[in-house]
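Colleague: Sequence and predicted structure, then a few things I'm wondering about:
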Amino acid sequence: MAKYSRVSGSVGLITLQNPPVNALSAAVRQGIVDTVERALSDPKVKSVVICGQNGIFCGGADIKEFGSNMSGPPLVPMIHAIEAANKPVVAAIEGSALGGGLELALGCHYRIAHSKARLGLPEVTLGLLPAAGGTQRLPRLIGVPAALDLITTGRHVTAAEALQLGVVDQVTDHSTVDAAVKFAQSVAGKPLDARRISTYPCPRPSDLDALFEGVMEKVRQSARGAIAPVACVQAVRAAATQPYTQGMEREKELMATLFTSGQARALQYCFFAQRAVSRWSMPNGARWDTSKPRPVHKAAVIGLGTMGRGITVALAQTGLSVIAVETQEKQLMEAKQAVSGMLERGAKRRGVAPALDRISYSRDIQAVADVDLVIEAVFEDMGLKKKVFQQLASICRPGTFLCTNTSALDVDHLASQTHNPELVVGMHFFAPAHVMKLLEVVYGPRSSPQAVATAMQLGKKMGKISVAVGNCPGFVGNRMLKPYMEQAFFLLEEGATPELVDRALEEFGFPMGVFRMSDLSGLDVGWRVRKGDGLSEPGAPSGQPARIRQGRRYSPLGDLLCEQGRFGQKTGRGWYQYNKPGSRVARSDPWLHSFLEGYRARHGLVARRIDNQEVLERCLYALINEGFRILEDGIAAGPEDIDMIYVFGYGWPRHRGGPMFYAGMVGLGKVLERLEHYHQAHPDVPYLKPCSLLWRLVASGSPPLHKWREVIKKLHSQL
Ligand SMILES: CCCCCC/C=C/CC(=O)SCCNC(=O)CCNC(=O)[C@H](O)C(C)(C)COP(=O)(O)OP(=O)(O)OC[C@H]1O[C@@H](n2cnc3c(N)ncnc32)[C@H](O)[C@@H]1OP(=O)(O)O
C-alpha cells in the first residue's frame, strides 16, 4: 500500500507502507501508481516526495511473490511514468533503498539520502539482475565501471559513497523527509529534461571491449558457475552499446532467462533459509520465541591455538570483554601477538580502532571466575577437555554458560563433568573463526533452552549464521562430510585421481575439491579421528583385510599418506605437491599417481574409467543420504538448517541452494534410484543405502522441501 498526503501546501507526499521493509508487493505497486496519478492531477501539488514508512525507503521487489503468478502493475512502466512526470519527484531515502527500491529512486528526478542509509542493487545475489531499468539507468548516471561493480557484486554502498558516485544528490543527518520536502519545494516548476536518467547518453569508455572482456573474465572466475553475474555484465554492455529502448529489451530478455532458472530459485531459497534458521526449535519443544537468552558482556576463551585465537578476535570485535587463557607461556606470547595482528588488520580494513584493550590474557584458568560465558577451545582430546570442564565447573560463578568448540566430540559427555549440565552447549566455529560465517550451536539432551538461546544470540551478535543442531558424532556438517570423503577415497581406489575428483567438484561449484581441501586443513586431523575410532592402525598388513573395518569397506589411503608424513600443505606434500611447506599452489604429484597404481596392484584392484557424473553422484548423494538420516534422527530440525550449514561452512555453491535443496531439484526419486544403483554395486558401503526418510518422501510423491517437516513428523510419530 502507499499513503498519500499533501504537505507544506504544495508537496504531494507518497509513503510506501508494507512492513517490515516496504517491499514492492502488488498492493504497493498499485498504491504507487494510484498516488502518483493523484499527485500529478492535483493542481495544488507542484512537486512530489516518495518515502517509506518506519525509517526504511524500500527493500526492493517482494521476493515472496516471485514463486507465484505475479499480478498487479509491473515495475517498469510504473517507474517510466514517474520519470516522465511533469512535476519534480524526489526520493527520500532512509534505511535501505535496494533492488527495485533503488530502481524506483533512479526513476525519480532527485534523490536525497540519510547519512545512515544504504543503497544497492543486490539482485545478483538472488540469481537475478536489476530488471526495472537498473542496468540501463545506473551506468548512464555513474558510468560503466562503477555500475558494473555495483550490479555484478550486489554490494550495498553507504550514503557517503552513493553521494561520491553520484547516485544521490544530497545527504542529510536530519529528517530525510523534511529535507526532501524542502528540496522538492525549491525545485518546483524547474525544467526536468536534464533530470530524466533514461535520456542521458551512456558514457562510453574508450577501451570498451577490453573493459568488458576483463570484467567478464573476472566475473566468470568468481561466479563458480552462477549465471546471474554473467547476465549482469551482458545487460550493462547493452547500456553502453545500444540506445536506451533496445537496452531495456535486452535487460528484459536476460531477466526472463534468469527469472525461471533453478539458480534463481536456489538463491531465493537461501535468502529465506538464512533467516529461517534463527527460528530454531529442539525436539523437546523448546523454541526460539519462548526461550529468553541471557545477556553476555564478558566471555572467556580457553586455549589459544588457531581456533581459540579466531574466537577471541571475533568476540572482541563484537564489543565483549574477553579473558583469553593459555597455560603455556610461549604459546600465550605467540597468541597475543597473533590476536593483536588480526585485530589491527581487521580494524584497518573497517576504518575503526582495534579492540586490543578488550582482551586480558592469562596463564591461569582462575581468571575466568567472573565471566558470563566460557568457550573452551583446547586441543581436540576428550581427556583434556574433560579436565578443563571439571576445572571450569569449580571455578566459574553459578550460572556461567560453559561452551565447547569441539568439532566432533560428545557435548553431553563434557556436560556430565559439570554440576550444571543444562548450562553446557557446543559452539562449533569454523576456521578461521573470525572470518567464517557459520556457527553450529550444539545442544545435548540436558542443555537448557536458555543456554541454546544465549549461544544463538551471541552468534548473531558476532555476525554469524548460527544453526542449532543436536549432539551426535560430527554434529551435522562433519557427520555429512564423512560419507562424502569416504566416496572420494573409494573413487581413487577404483581408478580416479585426486585431480579428476577435485575438477568434477570444482566444476559443480565448490571453491575447492575434497582433496585440495583436505591438503589445506591437514590430513592428520582426520587420521587422529580415525585412530580414535579404532579405524586406522599404522602399518596394517596389506591384503584384503586392510580394506575392511568393522565389517564394512574401508580405504586406508589417507592413513598411508599420513604414515609417510604427507599431511598436506603444511608439510609440502599430501594429495598434491607444493613448492615448499606452507605453500598454497597445488601441483599434480607423479609420486602420488604411482603410489595409487602400486596400491591398486597390491590389492588386486583394476582401475576403470570414472566420469564426472559418477564422482558427483557418489560423493554428493552419499552426503545427501546422510543429511536425510540427520533429519530422520531429529539432529537437524529441518532441511534449511542442513543447507545453511553447507553453504556457510563447507563451500556448497549458494546458487545450488545447499545439499537438501539440490536433492529436491535433482528429484528425490532420481537420488533414490542412483543411491540404490550404487549400493547394489557396493553392498559393503552402508552410506550408499538409501535411508528410510528418503524412501518415505518418495513414496509420499516427493513433496516440495517446505513440506518435508510434515513427513518427518509422521515418521517420528510412528517410531
Ligand atoms: C520477470 C520480471 C520480474 C520483475 C521483478 C523485478 C525485480 C526486482 C528486483 C528486486 O528488487 S529483487 C529484491 C532486491 N532486494 C533485496 O535483495 C533486499 C533483500 N533484503 C535485505 O537485504 C534486508 O532484508 C534489508 C532490507 C537490508 C533489511 O535487513 P534487516 O536485517 O533489517 O531485516 P531482515 O531480517 O533481513 O528482513 C526482515 C524481514 O523482511 C523480509 N524481507 C526483506 N526483504 C524482503 C523483500 N525484498 N521481499 C520480501 N521479504 C523481504 C525478510 O525475509 C524478513 O522476513 P522474516 O519473515 O522476518 O524472516
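Modeller: Looks like it came in fine. Numbers count the residues shown, from 1 in each chain.
Colleague: pLDDT below threshold where in the chain?
Modeller: For the chain, applying pLDDT under 70 flags the ranges 537-544, 719.
Colleague: who in the stretch 1-150 of the chain is up against the ligand?
Modeller: Counting by CB under 6 Å from any ligand atom, the stretch 1-150 of the chain comes close to the ligand at 20-21, 23, 59-64, 75, 96, 98-100, 122-123, 126, 128, 131-132. Heads up, the C-betas are built off the backbone N, CA and C, glycines and all.
Colleague: Narrow the residues you listed to those in helices?
Modeller: Judged by DSSP state H, these include 75, 100 as members of helices.
Colleague: From the residues of the stretch 1-150 of the chain next to the ligand, which land in strands?
Modeller: Counting by DSSP state E, those place 96, 98 in strands.
Colleague: which of the residues of the stretch 1-150 of the chain next to the ligand count as buried?
Modeller: 21, 23, 59-63, 75, 96, 98-100, 122-123, 126, 128, 131-132 (16 or more other CB atoms under 10 Å).
Colleague: Work out for me the element the residue of the stretch 151-300 of the chain found nearest the ligand sits within.
Modeller: Checking the stretch 151-300 of the chain residue by residue against the ligand with CB to the nearest ligand atom singles out residue 275 as nearest, at 3.8 Å. Under the criterion of DSSP states H and E, residue 275 resides in helix 262-276.
Colleague: Likewise for residue 30?
Modeller: Here residue 30 sits within helix 26-41, counting by DSSP H and E.
Colleague: packing partners for the following helix or strand past that helix?
Modeller: Sequence-wise, the next helix or strand downstream of helix 26-41 (DSSP H and E) is strand 47-52. With contacts taken as 3 or more CB pairs under 8 Å, 6 or more residues apart in numbering; DSSP states H and E, strand 47-52 sits against strand 11-16, helix 26-41, strand 89-93, helix 100-107, helix 176-187.
Colleague: in what helix or strand does the residue positioned nearest the centre of the chain lie?
Modeller: Centroid check for the chain by CA atoms, centre = their mean gives residue 648 as the closest residue, at 4.0 Å. Element membership for residue 648 (DSSP H and E) is helix 639-649.
Colleague: And for residue 622?
Modeller: helix 612-632.
Colleague: Now do that helix and helix 639-649, the angle between them.
Modeller: 130 degrees (axes from the mean of the first three to the mean of the last three CA atoms, to 10 degrees).
Colleague: In helix 612-632, which residues are buried?
Modeller: Within helix 612-632, the residues scored as buried using 16+ other CB under 10 Å are 614-632.
Colleague: Against residue 238, how distant is the closest residue to residue 32 other than its chain neighbours?
Modeller: Leaving aside its sequence neighbours, residue 32 sits nearest to residue 2 (CB to CB, 6 or more residues apart in numbering; 5.2 Å). For residue 2, the distance to residue 238 (CB to CB, to the nearest Å) stands at 31 Å.
Colleague: Now residue 180. Nearest residue, chain neighbours left out?
Modeller: Nearest to residue 180 is residue 92, by CB to CB, 6+ apart, at 3.5 Å.
Colleague: Can you give me every residue that contacts the one you found?
Modeller: Listed by CB atoms under 8 Å, 6 or more residues apart in numbering, the contact set of residue 92 reads 49-51, 57, 112, 176-177, 179-181.
Colleague: Write down the beta-bridge partners of it, one by one.
Modeller: Beta-bridge partners for residue 92, by DSSP bridges, are residue 112.
Colleague: Okay, it and residue 21: tell me how far apart.
Modeller: According to CB to CB, residue 92 and residue 21 sit 16 Å apart.
Colleague: Residue 347 too?
Modeller: Residue 347 sits 31 Å away from residue 21, going by CB to CB.
Colleague: do the same with residue 682
Modeller: Residue 682 is 50 Å from residue 21, by CB to CB.
Colleague: Over to residue 664?
Modeller: Between residue 664 and residue 21 the computed distance is 27 Å (CB to CB).
Colleague: Of all the residues in the stretch 401-550 of the chain, which one is nearest the ligand?
Modeller: Per CB to the nearest ligand atom, residue 460 is where the stretch 401-550 of the chain lies closest to the ligand, at 10.4 Å.
Colleague: thinking that residue is in contact with residue 466, fair?
Modeller: Yes. Counting by CB atoms under 8 Å, residue 460 does reach residue 466; the two are 6.0 Å apart.
Colleague: Now whichever residue of the stretch 601-719 of the chain sits closest to the ligand: closest residue in space, sequence neighbours ignored.
Modeller: In the stretch 601-719 of the chain, the residue that lies nearest the ligand is residue 640 (11.6 Å; CB to the nearest ligand atom). Nearest residue to residue 640, sequence neighbours excluded (CB to CB, 6+ apart): residue 273, at 3.9 Å.
Colleague: Same check on residue 656?
Modeller: Using CB to CB, 6+ apart, the closest residue to residue 656 is residue 662 (5.0 Å).
Colleague: mind listing what that neighbour touches?
Modeller: Residues near residue 662 by CB under 8 Å, 6+ apart: 266, 620, 624, 656.
Colleague: Tell me where the stretch 101-250 of the chain has helices.
Modeller: 134-142, 144-153, 159-165, 176-187, 208-223, 228-241, 244-259 (DSSP state H, counting those that start in this stretch).
Colleague: So what's the residue count around residue 393?
Modeller: The local packing of residue 393 (other CB atoms under 10 Å) involves 18 other residues.
Colleague: same deal with residue 10?
Modeller: 17.
Colleague: Spell out the residue ranges of the helices in the stretch 401-550 of the chain.
Modeller: Going by DSSP H, counting those that start in this stretch, the stretch 401-550 of the chain shows helices at 411-415, 449-461, 477-494, 498-508, 514-521, 523-532.
Colleague: what sits up against the fourth one?
Modeller: If I follow you right, that is helix 498-508. So helix 498-508 is contacted by 224-225, 488, 491-492, 512-516, 575-576, 588, 592, 610, 612, 615-616, 619-620, 653, 656 (CB under 8 Å, 6+ apart).
Colleague: Would you list the buried entries among those residues?
Modeller: By neighbour count, with 16+ other CB under 10 Å, the contacts of helix 498-508 hold 224, 488, 491-492, 512-516, 575-576, 592, 610, 615-616, 619-620, 653, 656 as buried.
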